[in-house]
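Engineer: dropping the sequence and predicted coords here.
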Amino acid sequence: MILLSGHFGPACRFITKDLNGQLLSKGRRGNHVTVAASNSSMLGSHNSSVAVHTNILTPGQLARLHVRQIHQHKVSIRPRPLLGSNGSLAVGGHREMSSLVRIVGGLTRFLKIRYLVLFGGAGGGYAASQQIEKIKSYVPDVEWLKEFLPDSDTFSKWTPDWQQWEFRQNAATSLARFRERVQEQMPEKGWLKSKLEELPDAQAKMAEFREKMKAQMPEDFSLTILEGLRPHQLVTNTRAKESDAASFNITAAKLASASSSEDKQVTRQKIQEEVMDIQLRYQREIERLEKDNRELRKQLLLKEQKSGGRTRAMKKSLIDMYSEVLDELNQFDSSYNTQDNLPRVVVVGDQSSGKTSVLEMIAQARIFPRGSGQMMTRSPVKVTLSEGPYHVAQFRDSGREFDLTKEPDLAALRKEVELRMKASVQAGQTVSNKCISMSVKGPGLQRMVLVDLPGIISTVTSEMSPDTRDSIRNMCRQYMENPNSIILCIQDGSLDAERSNVTDLVSSMDPAGKRTIFVLTKVDMAEASLYDPERIKSILDGRLFPMKALGYFAVVTGKGNQNDSINAIKAYEEQFFRSSRLFKDGVLKPTQMTTQNLSMAVSETFWKMVKETVEQQADAFKATRFNLETEWKNTYPRIRELDRDELFEKCKGEILDELINLSQVTAKEWEEAFQKRLWEKAGSFIIENVYLPAAQARDTGTFNTTVDIKLRQWADIQLPKKCVEIGWDTLHEQFGVLLEQSKKHKDYDELFDPLKAAVVQMTRNKHQWEGKAEDSLRVIQINTLEDRSVHDKEQWDKAVKFMEETMKRQLEQTEKELETMTGPGVISQWLKWSRRSEDHVRVLSVKNELEKLLSSDPEHKAHLAADELTTVRRNLLHQNVEVDGELIRETWYHIYRRHFYKRAVQQAADCKKGFYYYQRGFQDTELNCNAVVLFWRLQRMLHVTSNALRQQVVNNEARRLERIIKEVLDELGEDKLVLQNLLTGRRVILAEELKKVRQIQDKLEEFIQALNQEK
C-alpha cells in the first residue's frame, strides 16, 4: 500500500495512471492518492527510474513527493511516541520526524496569535464576525490530521509518569546520549567551504540532469516537477492561491526566455510588469483591509461616544497627549535654558518644492493656502495627526471644528490659516517665528507631529524685508538643531539638483543622516522633461547630494491643478508609478514609491525616536524643577508660590473687596464730599461773576435782579454739567482713597500697585455718567435758586457763617498772592534773610498808590478808569518808578478784592443779628444783608445738589462703576501681554517657570505612562 500526501500540479494525473491508462482511485480529500502494487519488486532503484519511462515511482521520487510505504494488511496507523515507557527517547527515522515537524509547523502558521488578536479586536460586532467567517474560508481544513494524531485517551496512555524518579533519571540519561549522537553526526569544521568550492561543478551537473528530465517527460509535467525538485520550492496546499499562480507565471516566463529567441529586454519588461501587478494587487488588498479596519474602529468609537464609555483608542489619545506637551514647551521660556529635545517631524525644503503638498497628502486633506510662485507659508505650522472617527481639523486655541470632507469647510480652514499667518507677521517683516498649532483627526491617519516651515529662498525680492532669507534659514536651523527632530527633506525632482539650497543646510545639521528622510517630489515632471535614469537613481541611492539619510522616497503630489482632491492625486500617483519608466528600468524600488509608504516610514521613525528619548527629557525637567524650587525656598521662604494668573486673581479679589467697601460709605459722607468739591469748583465763579458784579449796585432791588439773572444763566447752562463732572470725580476719588487705605493692611503687597493703578485709569476712561442726570439736576437747581426766603434763625445763622468763612478764605488767599507779588515783609526779611527784588519794589509802589485811591473812595467800583490809571502812573513816575498799565491793572485786581473781601467779612459780622430786620424788610435800618440771602440760596442749592448726586451714585453710578471695573479686570486677565507688564519681577517670573515646568513634567509622565501601557 502506497499513500501519497501533498498538493501536486498537473503531474498528478500523469504519475497516478495505471498500465491501461486509467486514473487510479483518489482519497476523499483530493490530496491522498493510493496506488496498489502486487509486491515490493515494483519499487525499483532511483537510477533505473530516470532511464526508463514507466508508471512505477522509485523510492527517490516517492521521497521527493513525500510518499510513505504502508503495509497492505494494516488498516489503522498506530502513532509512534517520542518517549518510551521507561522515559527514554525513541527517535525514529528522519522522514517521520520531518513529517511531524511539518505538521506542527503548519499548525503554528495557521494558529498564529496575531490573527487571533487581529480578529478578536472587533469582538461582538456583526461586521467583525462576517470578516472572520470570510477569512476562515481561506484556511484549509485540518480534520484529516485526526486520522494520524492520537486522541486524548491514547495520548494519556502513552504519556509517561514524570513523577517517578526512575523515569526522570532515564530521560536525563537518554537526553545526554542523544546530544552526543548529534555531535558525532555533525560535519567537521570547514565542510561549508569545501561545498562552496564544488558549487560550480554541482550547478553544471544539475543543469545536465534537468535537460535529461525534460527530454523524457511531457511538457506540463516537467514544468511542475522540475521546479518542485528545487530544495527551496515545496508545493503545499497552503500556497495554492493567486500568489502561487503569479509565481508560476514568472517561472514559466523565465524558462521560456531561456529557450526562445525573443528579445531579452521584452522578457524583462514583462517580468517587471507582472511584479508591478503583484505589488499593486497586494497594495490594494492591504488598503481594502485597512479600510475595513478603519470602518470597524469608526463604528466602535461612535458606539462608545454615544454610550458615554471611555474610548479605548490609545493611539489617538497618545498623540494628543504628546502634542499637548509640545504646545506647553512652545510657550516655555526658562532662564535655566532647558532645551526642548522632544522629537517632531520638521518639514524643510526650497520654496515651491512641494513641502506643503507632501504634508497635505500625509494629512489626506488640502488644508493649507495655495499659491503659485509666491511665498504662502510665512510662519511655522504644527500639525498633529491622530486617529478619529471623523476627518476634522481644529486649531489649538479655538473650539471650532472644520469638516475636511466638505469643500466650504476646507476653504474656511485655508482662509483661517492664511489670516493667522498674516496676523503673526510683524510690521516690516515677511516671516514670523510664532507657531500656529492645529490638529487633524481622521480614520487611518498615521500618528505624528509635523512642523511645516517657510520655504528656503535664494533671492530676496523687493516685496520682502531685507533679512527674509536669513530669518528663514535661522528658523530652519532652530528647529533642526533639536538632536531628536526628524528632518523631512523635500527636494523638487523637476529642477536641477545643483539649484538645491536645502540639501546643504540639512547636511550641515545632520551630517550622518541618522534622522533625515529624503523625499523627491514631482517625479512625474522629472520623468517627462529631465529623464535621466542614472541621475535619479544616484539621488535615491544617496550618491548625488552631499548628504545622508535614513531613507529615500519618490512621490507625486499633484497633476498641476490646485483644485484636485486628495483621492484624485492618490489615483494619479498610483497610475503614474504603475506605468513609470523609472520603475520599469529598475530605478525605483516598490518600497520607495507613493506617499502612503512615506507616511508609514515617517510615523515609524517618529515613534521610535519618541520612545528612545522621552524619558531623558522627563529627567531633564525633573532637574530643572528641583533647581527652581530650591531658589524659591532660599529667596522667598515665607511667600506662597503664586504664578501670574494666581496673583492677578488675588489682586482682583482685593479690588472687588474695595468696591464692597465703597457701598458702605454713608450718605452724610457722600453729601459732604459732593458739597465740598462742588463749592471748590463753583465758589470762585459765583464770587467773581455773581456776587461781585451784583455788589456794585446801590440798592437792594438792583442787587437782587442782577443776582437772579446771573444765577438763572449759570443754573441753566453750566451748573448741571459741572455738577455731573464733580460727581464723577468724587466717585472715582473716593474709590482711589479706599485703594490707598488698603496699603495700611498687614497683607499689603506692593506688587499689585501697578495693576491697581491701571485698573483705576482704565475705569475712569470707560465710565460715563448717566445722560438724564443733567436734566434732573437742572430742574432741581433752578427751583432751589429761585427761592429767596429764609425761614428761621437757624438757616440765617448758617448762611451768615457760610458767607463769613467763604470770604475769609478768599481774603486769605488774596493776601498770599499780594505778598508773593510784593515780596517778603520786614519781619520775613529779618527771619528768612531775604530781600525784595526790583520787581517787588515796583509792585509795592503800585500797591501803595492804589491803596491811597481806595482809602479816598471806599465805594470805588471794581474797575479802574482811564484817568485813574494815568494818575497812578504819573505819581509813580514822580517816585522814579516806571511801570506799565498792565502791571497796574493786575495789582489793582488783587488790591480791590482784598478790600471787597474785608468789607464782606465785616458785613457778615454785622448781619449775624439781622434776621429780625430781614423779616421786616430792613425797614428803619441802614443794614444791608442782601449778600447773606444770596449765600443762603447758594448753600441750599449745594445741599440739594449733593443729595441728588448721592442718590444717583448709590442707585446707579456705583453699580455701573462696579460693572465697568469687572469688565476692565476681565480684559486685563485675557490680555496676557499687558498683564505681563503690570505684574512683573523675579518673584513672578520664578513662579511662572515653576508652574510651567511642573505642567510639562506632569504631562510628560502621563504620556510616558500611556506609552508604556501601549508597549
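Structural biologist: Yes, it's here.
Engineer: now residue 775, nearest residue through space, not along the chain?
Structural biologist: With Cβ to Cβ, 6 or more residues apart in numbering as the criterion, residue 775 has its nearest non-adjacent residue at 7.5 Å, and that residue is residue 720. The way it works is simple: take the backbone N, C-alpha and C, and place the C-beta from them, glycine included.
Engineer: determine the set of other helices and strands touching whichever helix or strand the one you found is part of.
Structural biologist: In this structure, residue 720 sits in helix 719-741 according to DSSP states H and E. If you count contacts as 3 or more Cβ pairs under 8 Å, 6 or more residues apart in numbering; DSSP states H and E, helix 719-741 packs onto helix 644-663, helix 667-686, helix 753-766, helix 773-785, helix 930-952, helix 958-974.
Engineer: got the angle for the fifth one vs helix 719-741?
Structural biologist: Regarding helix 930-952 and helix 719-741, their directions subtend 60 degrees when assessed with axes from the mean of the first three to the mean of the last three Cα atoms, to 10 degrees.
Engineer: could you do the shortest one as well?
Structural biologist: With the same axes, to 10 degrees as the basis, helix 773-785 and helix 719-741 are set at 110 degrees to each other.
Engineer: do the same with the second one
Structural biologist: Between the axis of helix 667-686 and that of helix 719-741 there is an angle of 130 degrees, by the same axes, to 10 degrees.
Engineer: average pLDDT across the helix or strand that comes right after helix 667-686?
Structural biologist: The element immediately downstream of helix 667-686 (helix or strand, assigned by DSSP H and E) is helix 692-695. Helix 692-695 shows a mean pLDDT of 90.
Engineer: and the contacts of the helix or strand just after helix 692-695?
Structural biologist: Counting by DSSP H and E, the next helix or strand C-terminal to helix 692-695 is helix 700-713. The contact list for helix 700-713, computed with Cβ atoms under 8 Å, 6 or more residues apart in numbering, reads 689-691, 693-695, 697, 782, 785-786, 788, 922, 928, 930, 934, 937.
Engineer: distance of residue 446 from residue 347?
Structural biologist: Here the criterion is Cβ to Cβ, to the nearest Å. By it, residue 446 lies 14 Å from residue 347.
Engineer: what lies in contact with the helix holding residue 720?
Structural biologist: With Cβ under 8 Å, 6+ apart as the test, helix 719-741 has contacts from 655, 658-659, 661-662, 665, 673-674, 677-678, 681-682, 756, 760, 763-764, 767, 769, 773-775, 777-778, 781, 945, 949, 952-953, 957-958, 961.
Engineer: for stretch 753-765, same thing?
Structural biologist: So stretch 753-765 is contacted by 648, 651, 654-655, 732, 735-736, 739, 961, 964-965, 968-969, 971-972, 978-979, 982-983 (Cβ under 8 Å, 6+ apart).
Engineer: Provide a PyMOL selection command restricted to the buried entries of these.
Structural biologist: Buried residues within the contacts of stretch 753-765, by 16 or more other Cβ atoms under 10 Å, are selected in PyMOL with:
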select buried, resi 648+651+654+655+732+735+739+961+964+965+968+969+972+979+982+983
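Engineer: burial measure for residue 657, as a count.
Structural biologist: 12 (other Cβ atoms under 10 Å).
Engineer: please indicate which of the contacts of helix 700-713 are buried?
Structural biologist: Of the contacts of helix 700-713, these count as buried by 16+ other Cβ under 10 Å: 690, 691, 694, 695, 782, 785, 928, 930, 934, 937.
Engineer: contacting residues for the third one?
Structural biologist: When contacts are counted by Cβ under 8 Å, 6+ apart, residue 694 touches 702, 703, 704, 706, 707, 710, 930, 934.
Engineer: switch to 7 Å and redo it
Structural biologist: By Cβ atoms under 7 Å, 6 or more residues apart in numbering, residue 694 lies in contact with 703, 706, 707.
Engineer: and residue 933, by the same measure?
Structural biologist: So residue 933 contacts 788, 790 (Cβ under 7 Å, 6+ apart).
Engineer: check it and give its pLDDT.
Structural biologist: So residue 933 comes in at 90 (pLDDT).
Engineer: quick one: the strands in this structure?
Structural biologist: Counting by DSSP state E, the chain has strands at residues 2-5, 32-35, 67-69, 345-349, 381-387, 392-395, 402-403, 436-442, 448-452, 486-492, 516-521, 551-554.
Engineer: and those strands as CSV, adding mean pLDDT?
Structural biologist: What follows is the strands of the chain, written out as CSV (pLDDT from 0 to 100):
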stretch, mean pLDDT
strand 2-5, 47
strand 32-35, 41
strand 67-69, 41
strand 345-349, 91
strand 381-387, 86
strand 392-395, 89
strand 402-403, 90
strand 436-442, 88
strand 448-452, 89
strand 486-492, 89
strand 516-521, 90
strand 551-554, 88
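Engineer: indicate which one of those is closest to residue 916.
Structural biologist: Among the strands of the chain, strand 392-395 comes nearest to residue 916, with 85.4 Å by Cβ to Cβ.
Engineer: identify all contacting residues around that closest one.
Structural biologist: Residues contacting strand 392-395 (Cβ under 7 Å, 6+ apart): 367, 400, 401, 402, 403, 404, 413, 437, 438, 439, 440, 441.
Engineer: flag every buried residue along it.
Structural biologist: 392, 393, 394, 395.
Engineer: and what of stretch 492-504?
Structural biologist: 492, 493, 494, 495, 497, 500, 501, 502, 503.
Engineer: need the contact list for the third one.
Structural biologist: By Cβ under 7 Å, 6+ apart, the residues touching residue 494 are 522, 525, 526, 529, 530.
Engineer: excluding chain neighbours, what is closest to it?
Structural biologist: residue 525 (3.8 Å).
Engineer: look at that neighbour and report its pLDDT.
Structural biologist: Residue 525 carries a pLDDT score of 81 in this model.
Engineer: what number of residues lie near it?
Structural biologist: Per other Cβ under 10 Å, the neighbour tally for residue 525 reads 16.
Engineer: now it: how far from residue 554?
Structural biologist: Residue 525 sits 12 Å away from residue 554, taking Cβ to Cβ as the criterion.
Engineer: do residue 715 as well
Structural biologist: For residue 715 relative to residue 554 (Cβ to Cβ), the value is 90 Å.
Engineer: look at those two and report which has more neighbours.
Structural biologist: For residue 715 versus residue 554, neighbours defined as other Cβ under 10 Å are more numerous around residue 554 (29 against 22).
Engineer: quick check: beta-bridge partners of the more buried one?
Structural biologist: residue 520, residue 593 (DSSP bridges).
Engineer: so what's it up against?
Structural biologist: 520, 523, 540, 588, 592, 593.
Engineer: how about a cut-off of 8 Å?
Structural biologist: Taking Cβ under 8 Å, 6+ apart as the test, what residue 554 contacts is 493, 519, 520, 523, 536, 540, 582, 588, 592, 593.
Engineer: so the fifth one sits against residue 526, correct?
Structural biologist: Yes - using Cβ atoms under 8 Å, residue 536 is in contact with residue 526, at 6.5 Å.
Engineer: common neighbours of those two, please.
Structural biologist: Joint contacts of residue 536 and residue 526 (Cβ under 8 Å, 6+ apart) are 493, 520.
Engineer: can you put the buried residues of strand 392-395 in TSV and add distance to residue 479?
Structural biologist: TSV is the format used below for the buried residues of strand 392-395 (distance: Cβ to Cβ, whole Å):
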residue	distance to residue 479
392	26
393	22
394	23
395	20
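Engineer: from those, pick the one nearest residue 562.
Structural biologist: Out of those, the member with the shortest distance to residue 562 (by Cβ to Cβ) is residue 393, at 18.6 Å.
Engineer: quick one: low-confidence parts of the stretch 451-600 of the chain?
Structural biologist: 497, 530-533, 560, 584-587 (pLDDT under 70).
Engineer: ok, the stretch 51-200 of the chain next?
Structural biologist: 51-169, 171-172, 181-200.
Engineer: same thing with the stretch 701-850 of the chain?
Structural biologist: The stretch 701-850 of the chain contains no residues with pLDDT under 70.
Engineer: quick one on the thing from earlier: show me the buried residues of stretch 492-504 that map onto helices.
Structural biologist: 502, 503 (DSSP state H).
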